[in-house]
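Visitor: everything below, folded, please.
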Amino acid sequence: MTTQTNFQIFCKVNPSEDIEKIKTAIYNLIPDLKIKIHNNQLSGDSGNLELLSKILNSIQRRKIKKTFLRILKLNMANDSTWFYLNKQAAFADVVVLCAEANESALGPIKIILYSNDIENTIETLISD
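Guide: Reported below is the predicted structural model:
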């Protein structure tokens, strides 16, 4: 069986925020993602997990793979899992995981992973 995986990203834009800065935050983390804007929310999706390489490399470099794994396993349900990234840190081109949405003062960037073999996908993500 071939593992089929894709991801979606969501980020709410608060009234006090500049939408271009939020786009910059997302592009800092996922440079080649196509972003859509709908009802004060930015979103995007892709079947190419390579687009997440900057995030995964940062997690590896900062030695927070165990934290990342714990978050992914905790949020796993059926064929998906998700994690939050701090929006302000992303704007500064830094990857910061959030365990809770309120750890990012203006709201987080949420990334949802979907896979027909989510456990294998998680293992693959943290093993690189």
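
Visitor: center of this protein, which residue is that?
Guide: In the chain, the centroid-proximal residue (C-alpha atoms, centre = their mean) is residue 111; its distance is 3.3 Å.

Visitor: wait, that one touches residue 26, no?
Guide: No: assessed by C-beta atoms under 8 Å, residue 111 is found out of contact with residue 26, at 10.1 Å. C-beta coordinates here come from the backbone N, C-alpha and C atoms, glycine included.

Visitor: could you give the bridge partners of the residue nearest to the centre of the chain?
Guide: Residue 111 forms beta bridges with residue 9, residue 83, as assigned by DSSP bridges.

Visitor: what sits against it?
Guide: Counting by C-beta atoms under 8 Å, 6 or more residues apart in numbering, residue 111 touches 7, 8, 9, 52, 55, 82, 83, 84, 85.

Visitor: and the second one, how far from residue 41?
Guide: In this structure, residue 8 and residue 41 are 11 Å apart, going by C-beta to C-beta, to the nearest Å.

Visitor: so which residues of the protein form helices?
Guide: 19-29, 53-61, 65-74, 87-91, 118-127 (DSSP state H).

Visitor: pick the most deeply packed of those.
Guide: Ranked by mean neighbour count, the helices of the chain are led by helix 87-91 with a mean of 20 (mean count of other C-beta atoms under 10 Å).

Visitor: let me know the average pLDDT across that helix.
Guide: Computed over helix 87-91, the mean pLDDT rounds to 95.

Visitor: contacting residues around the helix or strand bottoming out on mean pLDDT in the chain?
Guide: Sorting the helices and strands of the chain by mean pLDDT, DSSP states H and E puts helix 118-127 at the bottom, at a mean of 90. Helix 118-127 has contacts (C-beta under 8 Å, 6+ apart) with 3, 5, 49, 52, 56, 65, 68-69, 72-73, 76, 78-81, 113, 115.
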